[in-house]
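Q: Could you work out the structure for the sequence below:
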Amino acid sequence: MLLAVLAACSGGTGEAAIHVPGLGQTSSSPQDVVKQFLDNWKAGNFDAMYAALSPQSQQFYSNAVFKATYQDAATAINLADINYTLKDTTLQGMSAAVDYDVTLNSPTFGAISDNGRI
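A: Okay, the predicted model is just below:
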């Protein structure tokens, strides 16, 4: 179920559409943007996570729906912690794809790993 929630939050493609504003015109690298998104998830800062989404992704989900989806998933699995590892980055014109592994830690379900996310 959680993987379905993660896929739903990423537009159903398995790809997280995280906005990298003005790639090439900002000091933040794509890895920094993804790290910030994941750190905000770990901290439960859903508004900051939503703000990092591309405008196209924000058209699919309102902030309220996005926030409720992440909060409901965290509650359902009794989320205690999130660990992640950033992997390769591929530049694609004015956007970038950052591969990462994430593990959601739950005292109820144990470690829930989702490796090879983009």
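Q: Which positions in the helix or strand hosting Ala51 come out as buried?
A: Per DSSP states H and E: Ala51 is located in helix 46-52. By neighbour count on 16 or more other Cβ atoms under 10 Å, the buried set for helix 46-52 is 46, 49-50, 52. (Glycine included, C-beta is placed from N, CA and C.)
Q: What mean pLDDT does that helix get?
A: The pLDDT scores in helix 46-52 average 94.
Q: Packing partners of that helix?
A: helix 30-43, helix 63-77 (3 or more Cβ pairs under 8 Å, 6 or more residues apart in numbering; DSSP states H and E).
Q: which sections of this structure are below the confidence cut-off?
A: Residues of the chain that meet the criterion pLDDT under 70 lie in 1-27.
Q: Apply 90 and report the result again.
A: Within the chain, the segments meeting pLDDT under 90 span 1-29, 52-54, 56, 92-96, 117-118.
Q: three-state assignment of the nearest residue to Asp114 once chain neighbours are set aside?
A: Distance criterion Cβ to Cβ, 6 or more residues apart in numbering; nearest residue to Asp114, sequence neighbours excluded, is Val102 at 5.2 Å. Secondary structure, DSSP: H, G, I helix; E, B strand; the rest coil: Val102 is strand.
Q: Please name the bridge partners of Val102.
A: Beta-bridge partners of Val102, counted by DSSP bridges, are Tyr84, Asp114.
Q: That one reaches Asn83, doesn't it?
A: Yes: in terms of Cβ atoms under 8 Å, Val102 counts as a neighbour of Asn83; the distance is 7.3 Å.
Q: Between those two, point out the one with more neighbours.
A: Using other Cβ atoms under 10 Å, the more surrounded residue of Val102 and Asn83 is Val102, with 19 against 13.
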